[in-house]
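1. Please find the sequence and the predicted model below.
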Amino acid sequence: MTTTLTPPDTTVADEPAAGRAAWALVARREVVVKLTDRAFLLGTVFTVVVIAAFMGWQAWDAGRTTTYSVAATAADRSMAERLATDATGVDDTVAVEVTDAADPAAARALVREGDADAWLHRDGGTWVLTTDSEEEDALTGVTREVVRQAALEQQASDLGTTAEQLQAGSTVTTSLLTGDAERAGLASGIAFAFAFLFYIATLTFGITLANSVVEEKQSRIVEIIATSIPVRQLLVGKIIGNSALAIAQMVLFAAVGLVGLSLTPYSSFVTAVSGPVVWFLVFFVAGFVALAALWAVAGALASRTEEVQSTATPLTMLVMAVFFGSLFLDGAAKVVVSYLPPFSAVLMPTRLLEGTAQWWEALVALALLLVAAGAVVRVAERLYRRSLLQTGGKLSMRQAWSAPE
Amino acid sequence: MLEITDLTRRFGDVTAVDGVSFDVRDGILTGFVGGNGAGKTTTMRMVMGVLGIDAGEVRWGGRPVTAADQRRFGYMPEERGLYPKQRVVDQLVYLGQLKGMDAAGARRAAEEHLERFGLAERSRDRLQELSLGNQQRVQVVAALLHRPKALVLDEPFSGLDPTAVDSMADLLREHASTGVPVLFSSHQLDLVERLCDRLVILSRGRVVASGDADELRSRGPVRYRLALDRDAGWVREVRGIHVVDVDGPTALVEVVDDGAEQVVLREAAARGGVREFSPVRPALSDIYREVAA
């Protein structure tokens, strides 16, 4: 023995961390443990790489030009030449080069063997684009436009006028319409991405949280903790620690996604979607806290890790319902459910993104979600406190609710 | 002082702890003895406030114990387990902080205690990398770290090797010597006998005996050992005693009528060749068997 003990140090132990600071200690431990967990770090890095790769592919795919080889016999060569010259002007992702064919049979052979993507030829009064087994939509669109323009010019000159004069007053601008459609498509893509992120995050962090609760229970360290700090502080610390991690991870993914988006042709929408993305995060915080409290209860109801799967089943179903609800609900049902916690966590920001909800609707839904989260945390605290120290097997909600303390 | 009065706990139809009363006095090691299912763990969990009490009460310093009091106690639960994947020193600091220590103080205390158990160089290891015995020592450190005002330890010696048992015993004595009441449970009666100033024996949820070790022993049967030069078979003829055993020249007799041992001694002296005549202190295990039977 090298040291001797002094009497209990009253200045140290007289004020146990029973008060406000205890939850912060618990939350910090949850965060530190997770941040030093290799599996968690690798998983996060992997997801970031997948998002970055997906956005990068989108950017590259949208920007790249496909060069088509079009076969033509001498008789049709002039039209093919014109196609080669004008194609990129019509669609900047399409380029055309002409491959000479001696006769129709040779042209067919070129297409069949893949040496040419299509054979352009005249059949009576129409032009035909022959491809092997599937249509080349981009090339067809460009060809249609070029041929139409060429025919128009020919007929205009036959009539002694110009194509411009013939077409005067007949043009229809479609740009605005196109912009909206693109934005709607983008909105549904982003909404899906966020619904999926929420689903994955609530599920993975939820299960982690439930497991960490039952592990503490199983190893009885919870008995040491429960004699050190109030159980409420333990629950709040665990919810806050895990929620903070989940939100931080989601912010990271969203940031990578937005940076990626700015590199794609959709970059003009970054500012437009940034606002709704912030809404998503705000709703997620409230939704996640409510669900985290329930996951903690699912953990506390079990006595062994193996039992978590069954005590968490209702919760897993709820999380899946939120996800699929956000995908498939439509019309009035979507509007109604977008106020209903926890569905509102995903549906309301989705509607904001689509531009079908007003800001005050978001505030109402958020208020409802916060009230629900508060209520759930209170109920969860009672269930958690009462079931945490029961170790005789799996508990039902009813047993936990009425268990003696 | 911890006073436990009429403590009762039922699980369904089973009364696990039935009107248990005893004191855990300041500055003294109190051993809590009993077989499996005797109610030791249930009692300790009620004392620590992690299990509800059906009847009776626990008092600390003359008034009903509060959660704030229990937070200043040191507790080692029956089933062991801290966080297997966390580094030893990190989780000790965490548990110390939960008990209200500051981070630096908790770290100092953790390192000091690990040093005592020869675990200083393992402090950065993850708990699961330690042997079970060493994990047990860490568990003990977790209970002692914050210099508790009372210690409640459920089977602190189980799983320890003899060296660790000794250093653990020293540690408990030291804590007791600072005026802290220490209650610990054990199956190992010889250890309890060696260590404890006071004993509480529990059987089927009831206290069947309590008091200091000598007091308990004096309640046992009074026995004498007689060793002679020649055969001791004649003791069977003496009245007022019960012959426990005769083996050639030695005999073990139990006094039934007061003073009967003097008759035996006179008879032996008359026959000559007395080599030994001595009272036999009953071992605690004998007492235990008797009261717990």
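-> Right, received. Where do you want to start?
2. which stretches of the stretch 101-250 of chain B form helices?
-> Assigned by DSSP state H, counting those that start in this stretch, the stretch 101-250 of chain B shows helices spanning B:103-116, B:132-144, B:162-177, B:189-195, B:213-218.
3. Let me know which of these is the nearest to chain A.
-> helix B:162-177 (4.9 Å; C-beta to the nearest C-beta). Backbone N, C-alpha and C define where each C-beta goes, glycine included.
4. now the strands for the stretch 1-150 of chain A?
-> Using DSSP state E, counting those that start in this stretch, the strands of the stretch 1-150 of chain A run over residues A:66-72, A:94-100, A:118-123, A:126-130.
5. Could I have the CA atoms of the first one written out in PDB?
-> As requested, C-alpha coordinates have been extracted for strand A:66-72 and formatted as PDB (Å, rounded to 0.1, in the frame of the first residue of the first chain):
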ATOM      1  CA  THR A  66     -22.900  11.800 -76.700                       C
ATOM      2  CA  THR A  67     -21.500  11.400 -80.200                       C
ATOM      3  CA  TYR A  68     -23.700   9.400 -82.500                       C
ATOM      4  CA  SER A  69     -22.500   7.900 -85.700                       C
ATOM      5  CA  VAL A  70     -25.200   8.100 -88.400                       C
ATOM      6  CA  ALA A  71     -24.900   6.100 -91.600                       C
ATOM      7  CA  ALA A  72     -26.100   7.500 -94.900                       C
END
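6. Could you check the angle that strand makes with strand A:126-130?
-> If you take axes from the mean of the first three to the mean of the last three C-alpha atoms, to 10 degrees, strand A:66-72 sits at 120 degrees to strand A:126-130.
7. Packing partners of strand A:66-72?
-> Where contact means 3 or more C-beta pairs under 8 Å, 6 or more residues apart in numbering or on different chains; DSSP states H and E, strand A:66-72 is packed against helix A:77-90, strand A:94-100, helix A:104-112, strand A:118-123, helix A:137-158.
8. What of the third one?
-> The contact analysis (3+ C-beta pairs under 8 Å, 6+ apart) places strand A:118-123 against strand A:66-72, helix A:77-90, helix A:104-112, strand A:126-130.
9. among these, which is the most enclosed?
-> Among the helices and strands packed on strand A:118-123, ranked by average contacts under mean count of other C-beta atoms under 10 Å in any protein chain shown, first place goes to strand A:66-72 (a mean of 20).
10. Would you confirm that residue A:253 contacts residue A:48?
-> Yes - counting by C-beta atoms under 8 Å, residue A:253 touches residue A:48, with 6.9 Å between them.
11. Against residue A:91, how distant is the closest residue to residue B:110 other than its chain neighbours?
-> Once flanking residues are discounted, residue B:110 sits nearest to residue B:92: 3.8 Å by C-beta to C-beta, 6 or more residues apart in numbering or on different chains. Distance, residue B:92 to residue A:91, by C-beta to C-beta, to the nearest Å: 68 Å.
12. Compare these two (neighbour count), which wins?
-> residue B:92 (25 against 15; other C-beta atoms under 10 Å in any protein chain shown).
13. name the helices or strands packed onto the lowest-mean-pLDDT helix or strand in chain B?
-> Least confident helix or strand, chain B: helix B:284-292 with a mean of 75, by mean pLDDT, DSSP states H and E. The contact analysis (3+ C-beta pairs under 8 Å, 6+ apart) places helix B:284-292 against helix B:189-195, strand B:198-203, strand B:206-212, helix B:213-218.
14. redo that, cut-off 10 Å
-> With contacts taken as 3 or more C-beta pairs under 10 Å, 6 or more residues apart in numbering or on different chains; DSSP states H and E, helix B:284-292 sits against strand B:29-33, helix B:189-195, strand B:198-203, strand B:206-212, helix B:213-218.
15. need the strands for the stretch 1-150 of chain B, in chain order.
-> Here the stretch 1-150 of chain B has its strands, by DSSP E, counting those that start in this stretch, at B:2-11, B:14-24, B:29-33, B:55-60, B:63-64, B:73-76, B:150-153.
16. re the thing from before, mean pLDDT for the helices and strands packed on strand A:66-72 - can I get that in CSV?
-> Putting the helices and strands packed on strand A:66-72 into CSV (pLDDT from 0 to 100) gives the following:
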stretch, mean pLDDT
helix A:77-90, 81
strand A:94-100, 83
helix A:104-112, 84
strand A:118-123, 83
helix A:137-158, 83
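17. Quick one: the strands of the stretch 1-150 of chain A as a markdown table, columns for distance to residue B:228 too.
-> As requested, these are exported to a markdown table (distance: least, C-beta to C-beta, whole Å):
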| stretch | distance to residue B:228 |
| --- | --- |
| strand A:66-72 | 116 |
| strand A:94-100 | 122 |
| strand A:118-123 | 124 |
| strand A:126-130 | 127 |
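18. out of those, nearest to residue B:65?
-> Proximity to residue B:65 (C-beta to C-beta) singles out strand A:66-72 among the strands of the stretch 1-150 of chain A, at 80.2 Å.
19. ok, that closest one: who's next to it in the sheet?
-> Strand A:66-72 has its sheet partners listed here by DSSP bridges as strand A:94-100 (parallel), strand A:118-123 (parallel).
20. winner for burial among those strands?
-> Greatest average neighbour count among the strands paired with strand A:66-72 goes to strand A:118-123 (a mean of 20), per mean count of other C-beta under 10 Å.
21. Outside of that one itself, list whatever touches it.
-> For strand A:118-123, contacts defined as C-beta atoms under 10 Å, 6 or more residues apart in numbering or on different chains pick out A:68-73, A:75-77, A:79-80, A:83, A:96, A:98-99, A:101, A:104, A:106-112, A:127-132, A:135-136, A:139-140, A:143, A:146-147.
22. Relative to chain B, how far out is residue A:306?
-> Using C-beta to the nearest C-beta, to the nearest Å, residue A:306 is found at 16 Å from chain B.
23. Report pLDDT for that residue.
-> On pLDDT, residue A:306 comes in at 85.
24. Are we agreed that it is in a strand?
-> No - Residue A:306: not assigned to a strand; according to DSSP: H, G, I helix; E, B strand; the rest coil it is helix.
25. What about it, how many residues nearby?
-> Each residue near residue A:306 was counted by other C-beta under 10 Å, and the total is 10.
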